[in-house]
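Novice: generate a structure from the sequence data that follows.
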Amino acid sequence: MGDGAGIVSAQEAANDELVLAFGRLQGAAGRLEYLLGGAIEEEFGITHAMYEVLLIVGRAGGPGVSMRTVAQERVLTTGGMTRLVDRMEAAGLAVRADDPGDRRGRLLRLTEHGEDVVVRASRLHVENIRRHFLAPLPEEAREQFMECLRILSHSARDALPRLR
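Specialist: Got it, this is the predicted structure:
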């Protein structure tokens, strides 16, 4: 695998094995997002971004999760997060509450409706993940592939600056 220093033309850049590999990752992620996110939106009327926020809040449990934490997990600006949560509140999926540990902070928690939607949407999502994400891979490579994705995700997360 080259270091990129030998790239001297657009054609070489476009055909570099690392550039191609990363492009394939982005292409696969985009296509899978379209397929799987589209199925959730069609069936449950929520965007894939909303579904992911429901998962983040559901994973946290308890009294809720801070808006800042959700924004960092989703790599959203605070303004983008506020607009997304506004839509989720309007749909009856989540509510904001005062954070007892931070006078200026707000916690996000699921409503009963949000809990129901994330459970039902997850059943469909798991089915589609198996069909479109795992089934095309050789069975013996699936666990290692998922572990490699976990490592990449955590590495990229740790390299990002923290939101203020």
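
Novice: what are the ranges of the helices in the chain?
Specialist: Counting by DSSP state H, the chain has helices at residues 10-15, 17-32, 38-44, 48-60, 67-74, 78-90, 112-129, 142-159.

Novice: mean confidence (pLDDT) on the fourth one, please.
Specialist: The predicted model assigns helix 48-60 a mean pLDDT of 93.

Novice: show me what that helix is packed up against.
Specialist: Helices and strands touching helix 48-60, by 3 or more C-beta pairs under 8 Å, 6 or more residues apart in numbering; DSSP states H and E, are helix 38-44, helix 67-74, helix 78-90, strand 94-99, strand 102-110, helix 112-129. C-betas here are computed from N, CA, C, even on glycine.

Novice: single out the most deeply packed of the ones you listed.
Specialist: Across the helices and strands packed on helix 48-60, the average number of neighbours (mean count of other C-beta atoms under 10 Å) peaks for helix 67-74, which reaches a mean of 18.

Novice: now do it against strand 94-99, angle only.
Specialist: Angle, helix 67-74 to strand 94-99, by axes from the mean of the first three to the mean of the last three C-alpha atoms, to 10 degrees: 130 degrees.

Novice: may I have helix 67-74 exported as CSV, CA atoms only?
Specialist: Only the C-alpha atoms of helix 67-74 are listed here, as CSV (Å, rounded to 0.1, in the frame of the first residue of the first chain):
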residue,chain,number,x,y,z
MET,A,67,-28.2,16.7,24.2
ARG,A,68,-24.4,17.3,23.9
THR,A,69,-23.8,13.5,24.2
VAL,A,70,-26.3,12.8,21.4
ALA,A,71,-24.8,15.5,19.2
GLN,A,72,-21.3,14.1,19.7
GLU,A,73,-22.5,10.6,18.9
ARG,A,74,-24.3,11.8,15.7
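
Novice: now the spatially most central residue of the chain. Nearest residue, chain neighbours left out?
Specialist: Against the mean C-alpha coordinate of the chain, by C-alpha atoms, centre = their mean, the closest residue is residue 52 at 5.5 Å. Nearest residue to residue 52, sequence neighbours excluded (C-beta to C-beta, 6 or more residues apart in numbering): residue 74, at 6.4 Å.

Novice: quick check on residue 9: phi, psi?
Specialist: When quoted as degrees, to the nearest 10, the phi and psi of residue 9 stand at phi -140, psi 160.
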